[in-house]
Structures are given as structure tokens and as C-alpha cells.
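Novice: Fold the following for me, if possible:
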Amino acid sequence: MRTELQNSLRMLVRTREDFQAMRKRLDNRIGRKADGSNQNINDSRCILVEDVAVIKYFSDEARRMEKEVEKQLLAHLKRFPVYDIFLQRVKGVGTIAAAWLLGEFDIEEATTVSIMWQYAGFNPGMVRGKKAIKKKDYKPEMGEIVGSLPNAVDGSERVAVLTDTLIRGDCMTEGFLSPYNKPLRTALVGVMADGFIKQQNTYCLEFYYPYKLRLEQSDQKVLHLKKMVPWKEVSKGHRDRAAKRKMVKEFLKDLYAEWRAVEGLPVRKPYAEEYLGKKHAA
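Specialist: Numbers count the residues shown, from 1 in each chain. Sure, this is the predicted structure:
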């Protein structure tokens, strides 16, 4: 179960996102880019000079609050032993990425790294799908109630029901709830992975580049644009995202082992290694 400290991390991460979103919207209104330079704007967004100064002030305040929240995040992170002994030593894992990792994963429930992979959206296998059902319409034969959900538009109470229908664990299926934490996957693949590549860290050099090269030469077929084609024929972006997922999965395997160990919890090998005897090959 997540601790109060983890819940605080999650709240702070989302608070920072609120300020960041506000700052971006304000900058867009006055045609200011993230680096402070000007966008090309049309006449519909031209306003009085004094009003530009006012909006810039609010944007700068939002940016200042972003930085203040980041300071609070760092102070919280230092209270996690795994941050001190592992995360802060990995080049490319900044304050925000570390906060996502430690705030979203429940290391006690993650008895295997496969559970972490599934939660982050890196499991291409089949899993039991969950559906959102209005509480008044629920029947036991629909499946097991596993949680509550925000009310429907009409105010009806809703529950999450675990069905017997199998769906892909790494993508959305119509009619079912997301089988993974979408904001977390975005933070890991869309932000942290780029940090790994920029820093050219160990995970980037040992997994990202070798795996991407292997896919560029692979005849193994994969679903791409609704048809099965060899990896070497899919778009560069598709292979790049696959290589990033591979890199992040290997990082999560190390995080799992380090975090479980420092918390005094048993550490298990991935299923493929423990039961199928498979070893990693980049």
C-alpha cells in the first residue's frame, strides 16, 4: 500500500503540472515560446503592450511556482532510501521522473517486475479487462468489483469491474478501462527515456541503440498501421518507441530489485528468467 509520503509526491507532481499547464497557456496567449523567444502570431492575438506585461507577470509567477514545487519534490525524494542509493545516481533521472516513479509504483504490491511493467504499460500480453459500470446496473455475473470510479455525467455512481475478457496489456481496447497508468507511461517514455538518450547513460548505450539496430535488420513481423509487416519496414518512429520501451523496461528491472531490497522485501527474477530459463540479450 502506498505511504502518505508517496501520496504527497503524487499530489506535488500534479500540482507542478497544473502550474506548468497554466504557464504554457499564458505564454501561448502572448506568443512567447518556452525559451522566451516570440512566436509568429496573427492579428487576433495582438493586444495592448501594458496587457502583455500583465500576462507575462502571471506566466513568470506560474514558472516560479513550478520551481518551488520542484524544490519540495526534491526534499520529499531525499526521504526515500532508494532515491539516495540508486535513482539519483542514474544519469537522466531528474527530480520529476524520480517523483513519478516513487509516487506511482507500489513496491509492496509489485512482487515481480512484471507487475511494474504491466502498470506502466509495457506488457504486450493479454490481461483481464476492466469495465466502468454504473453501480445501479451492476450484476455479479459481470465480474468482480475492484474499485470505485468518478461519477458518470448524470451523477450516477460507477465502479470498476474486472471481467473475464482478455485484452492487450499495453494498449486501449474499446469499451474497457485503460489496463495501465497512462500518465506514468507518458512520463517514462515521453520524458525520462529522452533524458537517458540525451545523457547517453548506461541504459541508453546497452539497450536503446543495440535494440533499435536489431529492429532495423529484423524480419520478425509486428502489427503496424493495422497490418503485419517486418520490423525493418515499419516507420523509424515506431522502432524508436519500441527501443525506448525496451530501455525503460530494463531500467525498471533494476529499480525493482534495488527498491525491494532496500525495503527488505524478497526480489524475484522476471518470469521469463525464473521459469523459462531465458537470459537477456540486447
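Novice: where does the stretch 151-282 of the chain have low pLDDT?
Specialist: 271-282 (pLDDT under 70).
Novice: which residues in it form strands?
Specialist: Secondary structure of the stretch 151-282 of the chain by DSSP state E, counting those that start in this stretch: the strands cover 158-168, 221-224, 227-230.
Novice: and of those strands, who's closest to Glu174?
Specialist: Among those, strand 158-168 comes nearest to Glu174, with 9.6 Å by Cβ to Cβ. (C-beta placed from N, C-alpha, C; glycine too.)
Novice: In terms of secondary structure, what does that closest one contact?
Specialist: strand 126-134, strand 144-149 (3 or more Cβ pairs under 8 Å, 6 or more residues apart in numbering; DSSP states H and E).
Novice: Now do the longest helix that the chain contains: which elements does it pack against?
Specialist: Under DSSP state H, the helix in the chain containing the largest number of residues is helix 49-77. Of the remaining helices and strands, those touching helix 49-77 by 3+ Cβ pairs under 8 Å, 6+ apart are helix 4-29, helix 95-104.
Novice: Export the ones you listed to CSV and append columns for mean pLDDT, distance to Trp259 and mean neighbour count.
Specialist: Listed next are the helices and strands packed on helix 49-77 as CSV, based on pLDDT from 0 to 100; distance: least, Cβ to Cβ, whole Å; neighbours: other Cβ atoms under 10 Å:
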stretch, mean pLDDT, distance to Trp259, mean neighbour count
helix 4-29, 94, 12, 16
helix 95-104, 97, 8, 23
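Novice: will you turn the ones you listed into a markdown table that also has distance to Leu74?
Specialist: Listed next are the helices and strands packed on helix 49-77 as a markdown table, based on distance: least, Cβ to Cβ, whole Å:
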| stretch | distance to Leu74 |
| --- | --- |
| helix 4-29 | 10 |
| helix 95-104 | 5 |
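Novice: Which one of these lies nearest to Arg79?
Specialist: For Arg79, the closest of the helices and strands packed on helix 49-77 is helix 4-29, at 6.1 Å, according to Cβ to Cβ.
Novice: what packs against that closest one?
Specialist: Here helix 4-29 touches helix 49-77, helix 95-104, going by 3+ Cβ pairs under 8 Å, 6+ apart.
Novice: rank these by pLDDT, which is bottom?
Specialist: When these are compared by mean pLDDT, helix 49-77 comes last with a mean of 92.
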